[in-house]
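J.: quick one, what's the 3D model for this:
(chains A, B and C)
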Amino acid sequence: MTSTTASAPRASVNVGKLLTRISIVLIAAVVIYWLGRNFLDSPTQFLSVGITGLSNGALYALIALGYTLVYGIIELINFAHGDLFMLGAVFSYFFLTSFLGAEGATPRNYAMLGLTLVLAMVFCATLNVVIERLAYRRLRDAPKLAPLITAVGVSFVLQFIGLKWNGSAPRNFTTVLPQTSFTVAGVVVPWNALAIISLTIPLLLVLVTLVNKTKQGRAMRATAQDKDAARLMGIDVNKTISLVFALGGAMAGAAGLMFAQSVGTVAYNIGFQLGLIAFTSAVLGGVGNLYGAVLGGFLIGVIQGFNDGLPFGPGQKWSQTVVFTILILLMVYKPAGLLGKATTEKV
Amino acid sequence: MSTTNNPVLDAQNISVVFGGLVAVNDVSFTIPEGSIVSLIGPNGAGKTTFFNVLTGLYQPTSGDVIFDGEYITGRAPHKIASGGLARTFQNIRLFGMMTAQENVMVAMHSKMSAGVWSTTFRTKKQKREEAEAKEFAQELLDFVGIGKTTHEYARNLSYGDQRRLEVARALALRPKVVLLDEPTAGMNPNESAAFVEFVRRLRSERGVSVLLIEHDMSVVMQVSERITVLDQGQKIAEGTPSEIKNNPRVIEAYLGKSGSEASQNVN
Amino acid sequence: MAEETKAAAPAHTSSSNTKWAIGFITVVLAIYAINKFYLPTAPVQVKTFFNSWFSLTSMGEIMIYILMALGLNIVVGYAGLLDLGYVAFWALGGYVAGWLMSGHFDQWTVNFFGNPPAGLPNGIHLNFLLVLVLGGVFTAIWGVIIGAPTLRLKSDYLALVTLGFGEIIPQVMVNGEDIGGFNLTNGTKGINPVDNIKLFGYEFGPFALADKFLIYAALAGLMIILSLRLRDGRLGRAWLAIREDELAASMMGVPLMRTKLASYAVGATAGGVGGVAFATLIGGVYAERFNFQVSIIILSMVVLGGMGNVWGVLVGATLLAWVNNTGLVQFGNIINSATGKNIDFPSFNFLIFGVLLILMMLFRREGFLPEARVRLIMHEEEFSEVAVVTDDIEVEGVHHHEHN
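T.: Numbers count the residues shown, from 1 in each chain, chains lettered A, B, ... in the order given. Predicted structure coming up:
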């Protein structure tokens, strides 16, 4: 979008821009009124749901990173990524809760939680690499429709695995992370929200450092820009793409575990909607941009938290609608996202 | 066939900047009505960028394009095309999986009117329109000399026939000006010679003005009435073929070190 | 040269169309005749066999799926736009039937050549044919509303927005019980019963399934004609051109937005008409039925049959709709009773459709009955230079298309 600022403005273009501006201002006004009124009505509740929103946002950020990494490198919307996250959640339930019997907050169980976190990350990373190897790699040079449809197919297969593994009904269990909360100046802070935020931030830092500071990270960025040039520079493109899928998968696995531990429920169909929400986060931040995914994840988490938890507003039953409306509005007004770059820079 | 001074296309002070890189710098250029003109220059001189500005693919950073008496700067590409400014592509871009006839008929889209309703119910008007379109498509295919390939898929045509089909498709827009982007690329000398005659027929029989981007100097020199030379985004010379041939700046910038060899080509 | 030229002529000649059309009509009439004239007097075993393997309800459903798959085929197959939220149009069409052909809005009493149940005149009861038209128009409008802002996006973003739309609409229907005190959709309970179809004084009651099947077959037949004719006309050519090379198409005077919108609107209309028809088939509208799976099943039909090929999509839709509504359950029953196990076969839906999509894309992208041209497209490697220039257009195009 920004590229067009270079072109000479015409009268007709200005009318369009004006309409866009007016509608953006209107939307902003509605949002500000909504938040402002809620804040004035009940400031402590406002902050409480904001904290819950942040912890959900941390999970969205982790999942969104998987979308954004993959999109950044092979321009594929990996529809199956949400279901990978679901399998991470199901895996962590079966390993931690069912196999290790870790229920309730004891020191042993915290140690087991740490172990499961690593295993869930390895599990999802491996699965994601295998999927790429078997399905997407063969379609790398095919018309765009083909890998997209394949990803939808993979999503269905993963859901089937989740359905057969977890059963068709949601499973409820006692989590290791405490479901209690404490109060600071009237603001309710759930312990698990705190735990998730403090687990997520190091993960995000590690990932960002990996991509920005290491040799493999450089290879990733080079491959994302131009596969052929990267190949000529001696970069193993296939290996680099596999690594990207592994990283994305690992983040999804971590998010799966944390989701299971924060809500105490797993079901085979959580991946689809959470995946979509996470993708919206990635788009909001600017798909392909790591920081964008994190920013988008937290923003969507907070917006959804406000929508679900505040007394004045659409409320929880419209949660998905609110998120997807954001997605559609974004596509209309700013497809490049908040931190995204316009595509023209390639030319 | 005489050239009038009325420009059918007038590009005024066109500049295109891509993120700090000046691709075209303040180039003015006209196509007089009924003329055959050429745009030449070494690779990367900004010819194709300039072409893309004329056809609405890029918006110029500054400058204006006036076509047939109207400002078309910033107008959508399909409107410029249906307004009578047609083009071919350097790397052939036919609809490979459509027949030659269908390819030509796609370009008649804007001149036809059938919608969902009339097509589904095959109204009289729609049938007549289709029949006329098919007839015109055949006429154009015959004109470019591939009248027997009507029902062949474009991708199955020989390279030369694909180039001809591109011209036929451009003509289906009933254009006033046709822009040909390196039309003789990949042709052998005999074909190129025949092409010179073809461009003249384009003007005499279809009444269009022609703008050529061309590398083959013998073609350019034979067919053009005026030549504009671009180098590194700048217009460095403009004039008749003989003026261009003897312009020292052109010889230096365009023909470069292999000047002697290239000047043989020129003659 | 000339002889070779003739040999390479397109495969979709009118004679092959005629053969397929005769085949379709024959099968439809055979199903009708068997159910109408033979089965009522047939031995019990024969009756049971037909009712369990080829029940009229499932046959009617197949016809409606053909209609909708052909609608999606216009968007995905002809114009090359991936729509993953097609179920939204089905849902919207279904609710049009629910609103205009039932006692749902019992605060009003309207009867326009409709067929209210005896003694229950409240609600809106319009004639079936009128509702079909209104359902189609309503969804076409929605198609334009959702398409206008999104069709200028890159194809994968479009897929996502349509997916979001396909999620929002059912949620609105689920939550629509109380919109500012107004009961729009009756929530998860759904709207039922939807009136029986009544045409020219003849009522297609609950036992007139064979006659009802003919109505749905006729709708599918109309969609076949529409698809075939549109493909060979001005719009069809423009769609195919856009599918192959958007940039070249626009340089040949094809307005991209308007042409894409047209394909979207036609596809949406078919979805809406399918929704109305389906509501009358099952006699109600239920919000939970409109989920993402349905969008994918319909997409699978298009992919399996061969994107763009009308007859291929017809075969794909028939096969998958049957597997989905009858085949899986029946084979499951047989296997379960033979092995003494209790496997939930319908749950294998996910696996079947997922694996089908993957395998088709990996090994047979052109579908099983491909149109010759699609086979070529789907095996062609993308032309990187083209992609770069096209990216450019998509961004710049934003400004152009806003003012069309």
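
J.: next, residue B:40: phi, psi?
T.: Phi and psi for residue B:40, reported as degrees, to the nearest 10, are phi -130, psi 170.

J.: show me what contacts it?
T.: B:47, B:213, B:214, B:215, B:217, B:220, B:227, B:228, B:229, B:230, B:254 (C-beta atoms under 8 Å, 6 or more residues apart in numbering or on different chains). C-beta: built from backbone N, CA, C; applies to glycine.

J.: and which of the residues you listed is nearest residue C:164?
T.: Proximity of those to residue C:164 (C-beta to C-beta) peaks at residue B:47, which lies at 43.2 Å.

J.: what strand or helix carries the spatially closest residue to residue C:360 that is not a sequence neighbour?
T.: Excluding its sequence neighbours, the residue lying closest to residue C:360 (C-beta to C-beta, 6 or more residues apart in numbering or on different chains) is residue C:303, at 5.3 Å. Using DSSP states H and E, residue C:303 sits in helix C:292-305.

J.: try residue B:187
T.: Applying DSSP H and E as the criterion places residue B:187 outside every helix and strand.

J.: distance of it from residue B:216?
T.: Using C-beta to C-beta, to the nearest Å, one gets 8 Å for the distance from residue B:187 to residue B:216.

J.: ditto for residue C:52
T.: Counting by C-beta to C-beta - residue C:52 and residue B:216 are separated by 74 Å.

J.: quick one, which of the two is more surrounded?
T.: Between residue C:52 and residue B:216, residue B:216 has the larger neighbour count (other C-beta atoms under 10 Å in any protein chain shown), namely 20 against 13.

J.: contact partners for that one?
T.: The contact partners of residue B:216, by C-beta under 8 Å, 6+ apart, come to B:184, B:187, B:192.

J.: redo these as CSV? Include neighbour count.
T.: Conversion of the contacts of residue B:216 to CSV gives the following (neighbours: other C-beta atoms under 10 Å in any protein chain shown):
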residue, neighbour count
B:184, 23
B:187, 17
B:192, 16
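
J.: now stretch B:111-119, how far from the chain's geometric center?
T.: 29 Å (C-alpha atoms, centre = their mean, to the nearest Å).

J.: no no, stretch A:271-288
T.: Offset of stretch A:271-288 from its chain centre (C-alpha atoms, centre = their mean): 5 Å.

J.: next up, the contacts around residue 77.
T.: You didn't pick a chain, so chain A it is. Applying C-beta under 8 Å, 6+ apart, we find residue A:77 in contact with A:67, A:71, A:148, A:151, A:279, C:156, C:159, C:160.

J.: not quite, I wanted chain C
T.: By C-beta under 8 Å, 6+ apart, residue C:77 lies in contact with C:302, C:306, C:307, C:308, C:309, C:313, C:374.

J.: just the buried ones from those, in ChimeraX syntax?
T.: With 16 or more other C-beta atoms under 10 Å in any protein chain shown as the criterion, this ChimeraX line picks the buried residues out of the contacts of residue C:77:
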select /C:302,306,307,308,309,313,374
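
J.: looking at the contacts of residue C:77, which one is closest to residue A:41?
T.: Nearest to residue A:41 among these, with distances taken as C-beta to C-beta, is residue C:302, at 50.2 Å.

J.: is it true that the closest one touches residue C:71?
T.: No: using C-beta atoms under 8 Å, residue C:302 is not in contact with residue C:71; the gap is 9.6 Å.

J.: residue A:169: how many residues sit nearby?
T.: 8.

J.: where's the closest residue to it other than its chain neighbours relative to residue B:24, distance?
T.: Among residues not flanking residue A:169 along the chain, residue A:267 sits closest, at 7.5 Å (C-beta to C-beta, 6+ apart). Between residue A:267 and residue B:24 the computed distance is 59 Å (C-beta to C-beta).

J.: swap in residue C:69?
T.: In terms of C-beta to C-beta, residue C:69 sits 49 Å off from residue B:24.

J.: in a helix, residue C:198, correct?
T.: No: if the criterion is DSSP: H, G, I helix; E, B strand; the rest coil, then residue C:198 is strand and not within a helix.

J.: the residue in the stretch 151-300 of chain A that chain B sits nearest to: neighbour count?
T.: Chain B sits closest to residue A:225 of the stretch 151-300 of chain A, with a gap of 15.2 Å, by C-beta to the nearest C-beta. The tally of other residues near residue A:225 (other C-beta under 10 Å) stands at 12.

J.: pick out the residue nearest the middle of chain B.
T.: By C-alpha atoms, centre = their mean, the mean C-alpha position of chain B lies nearest to residue B:179, the distance being 1.5 Å.
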